[in-house]
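S.K.: Got a predicted structure plus its sequence, pasted below:
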Amino acid sequence: MTATTIETTSRVTAEHPAWQRLKAAVSSVQPFQSKNGAIEDAGNHAAAADAVDTVVEAVAELAPHFPHDAEYLTLLQKDLKAWAAAGFGEPDFLDSLMAFQPQEHRIDGLQHLVVFPMYTQNGSTQRLLEAVLVDVLWPEFISELEAGAYSNKLFVPLSFVDFTAGYDTNSAVLFPESVAVRETPAFTWGAIFQDREAARFRRVLKAAAEITSLDLPEDAAELIEDQQLTQEAFIMWDLIHDRTHMRGDLPFDPFMIKQRMPFFLYSLEELRCDLTAFRESVLVEKDENASPEARKHAKLVQYAVIFDRIFRFSITGSRVRNYDGLGGQLLFAWMHQHRVLHWTDGKMSIEWDNVADVVVALGEQIEELYWRSIDRPKVAHWIAAYEMISATVTPHPASVWAKGPDALPLTGTPREITDQVMDDEFPLSMFFEALEKKMRTVIESTAGITGATALS
């Protein structure tokens, strides 16, 4: 079934009786499950079997609303029944996972019902049975960009309709690699909940601008008031960010899977992708051949990258190897030291006429590091990366790495060298310490947020 021939029946809302039964049944199974998703206590098997029967029945009732997912929903019922019949061992939903291909139907407003045993990033670390009811987001200008220079066939932007407990968290992604399966397949899609990203951004930016007395440009201020506009900007940001992981002069696996290396390298990789999205948005904004919508959103992406990085990333999460936090600290310090961001008389200001060149320059420095590192040994690349970051963000005074290469066990194993990196190698500056205290409750309040609850 192609995207152009898809026909859907009536929309499924969060109040739909079958969805409510499914959600309750899934939730009742979760307390029985162990970390790998199995239900080890046989005393819970009867109750779990009843709940799984309810899930299967609800999926069957809801399936006609999702003709584009017919094969997936059929195999999902089989996987659920097989899991129960096998005594609730470690679940294996490979067959249904391989049939779920949302990247083939990127149609604005199209719905999916998703049920898998999985962990949710920034949520549960256990592979629990979870259920999510979602809408696809696919504005026309994104089709324009994706069909041109920013092709990304794996990217699926979504918004929440409803979800089980694993997503009543900070998790804003749905990745197939999180699903419990018997073998690792080739992954063909990755989904991001743009409504959550946009909603928490709006709430955080509103509070941060008030706390720092930052006068927002008129179009940036519009982001606070308009959920749809903001999530469309985030779709463009993530479209470009996601594809960047696979492009460029990469001295290592771009996703750095199963590699042990200092956390600050992950900081640079995520920031590189964000700054590429920033740079490309600058180009789109100036491109007279681009549509007015694409050019408008390109400017908004630039605001989003800066504000999300400096106001949310920098002070969100623990200080244990917080690579996204460090990326935000680096961007803030770079802008401040290049005198386009000012903190004077207890008030923040940004020189918007000059900020693009400064931010792009940071991205170029990271890309130069990558280009040179292709010719460097691994540890030499690590040291060069550390020197680049520490030239802008001050390391912890007790850091061994800050003492230079002579202080490191360079003849030891990579693990011995990595272990010298402190959990909080680059502590928050005095500015961010003060900001975090004032923003803490706001940031904590964004757990579980959706587009419908953005400023409530």
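M.R.: Alright, I've got the coordinates.

S.K.: Run through the residues that contact residue 163.
M.R.: Neighbour list for residue 163: 130, 131, 132, 133 [criterion: Cβ atoms under 8 Å, 6 or more residues apart in numbering]. Every C-beta, even on glycine, is put in place using the N, C-alpha and C of the backbone.

S.K.: can we see that at 6 Å?
M.R.: Listed by Cβ atoms under 6 Å, 6 or more residues apart in numbering, the contact set of residue 163 reads residue 132.

S.K.: before we move on, what about residue 285?
M.R.: Neighbours of residue 285 in contact, by Cβ under 6 Å, 6+ apart: 295, 298, 299.

S.K.: gap between the last one and residue 223?
M.R.: Just to be clear, that refers to residue 299. Separation of residue 299 from residue 223 (Cβ to Cβ, to the nearest Å) stands at 11 Å.

S.K.: same deal with the second one?
M.R.: In this structure, residue 298 and residue 223 are separated by 14 Å, where distance is defined by Cβ to Cβ.

S.K.: Between those two, point out the one with more neighbours.
M.R.: Legend: neighbour count by other Cβ atoms under 10 Å for residue 298 and residue 223, higher for residue 298 (26 against 23).

S.K.: Flag every buried residue along stretch 80-98.
M.R.: Neighbour-count burial for stretch 80-98, counted by 16 or more other Cβ atoms under 10 Å, picks out 80, 83-84, 88, 90-98.

S.K.: Tell me how many other residues surround residue 10.
M.R.: Residues lying near residue 10 (other Cβ under 10 Å) number 8.

S.K.: Reformat the buried residues of stretch 80-98 as CSV; add distance to residue 279, secondary structure and pLDDT.
M.R.: Putting these into CSV (distance: Cβ to Cβ, whole Å; DSSP: H, G, I helix; E, B strand; the rest coil; pLDDT from 0 to 100) gives the following:
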residue, distance to residue 279, secondary structure, pLDDT
80, 46, helix, 98
83, 46, helix, 98
84, 51, helix, 98
88, 50, coil, 98
90, 44, coil, 97
91, 42, coil, 98
92, 43, coil, 98
93, 39, coil, 98
94, 39, helix, 98
95, 42, helix, 98
96, 39, helix, 98
97, 35, helix, 98
98, 36, helix, 97
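
S.K.: Include distance to residue 347 when you put the residues you listed into CSV, please.
M.R.: Listed next are these as CSV, based on distance: Cβ to Cβ, whole Å:
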residue, distance to residue 347
80, 57
83, 58
84, 61
88, 59
90, 56
91, 54
92, 57
93, 53
94, 56
95, 58
96, 54
97, 51
98, 55
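
S.K.: Can you pick out the most distant pair from the residues you listed?
M.R.: Largest separation among the buried residues of stretch 80-98 by Cβ to Cβ: 88 and 98, giving 22.0 Å.

S.K.: pLDDT below threshold where in the stretch 251-400 of the chain?
M.R.: 252-259 (pLDDT under 70).

S.K.: all helices for the stretch 251-400 of the chain, in order.
M.R.: Applying DSSP state H, counting those that start in this stretch to the stretch 251-400 of the chain gives helices spanning 263-286, 292-307, 323-337, 352-373, 378-390.

S.K.: Of all the ones you listed, which one is nearest residue 164?
M.R.: Nearest to residue 164 among these is helix 323-337; the distance by Cβ to Cβ comes to 25.3 Å.

S.K.: Now tell me what touches that closest one from outside.
M.R.: With Cβ under 6 Å, 6+ apart as the contact definition, helix 323-337 has outside contacts at 263-264, 266-267, 270-271, 309-310, 313-314, 341, 362, 392-393, 426.

S.K.: Just name the closest of those residues to residue 236, please.
M.R.: For these, the residue nearest residue 236 by Cβ to Cβ is residue 309; the value is 15.9 Å.

S.K.: Quick check: that closest one vs residue 333, distance?
M.R.: 11 Å.

S.K.: Kindly report the same for residue 413.
M.R.: Distance of residue 413 to residue 333, given as Cβ to Cβ: 32 Å.

S.K.: Comparing the two, which residue is more hemmed in?
M.R.: Legend: neighbour count by other Cβ under 10 Å for residue 413 and residue 333, higher for residue 333 (23 against 10).

S.K.: give me every residue that touches residue 91.
M.R.: So residue 91 contacts 37, 83, 117, 180 (Cβ under 6 Å, 6+ apart).

S.K.: who wins for neighbours among those residues?
M.R.: Top of the contacts of residue 91 by neighbour count (other Cβ under 10 Å): residue 117, with 27 neighbours.

S.K.: who's in contact with whichever strand or helix holds it?
M.R.: In the assignment (DSSP states H and E), residue 117 maps to strand 111-118. Under the criterion Cβ under 6 Å, 6+ apart, residues 37, 62, 66, 76, 91, 93, 102, 127, 129-135, 178-180 lie in contact with strand 111-118.

S.K.: From residue 369, how far out is the closest residue to residue 443 other than its chain neighbours?
M.R.: Distances taken as Cβ to Cβ, 6 or more residues apart in numbering put residue 316 closest to residue 443, at 5.5 Å, once the chain neighbours are dropped. Residue 316 sits 25 Å away from residue 369, going by Cβ to Cβ.

S.K.: And for residue 161?
M.R.: Per Cβ to Cβ, residue 161 is found 42 Å from residue 369.
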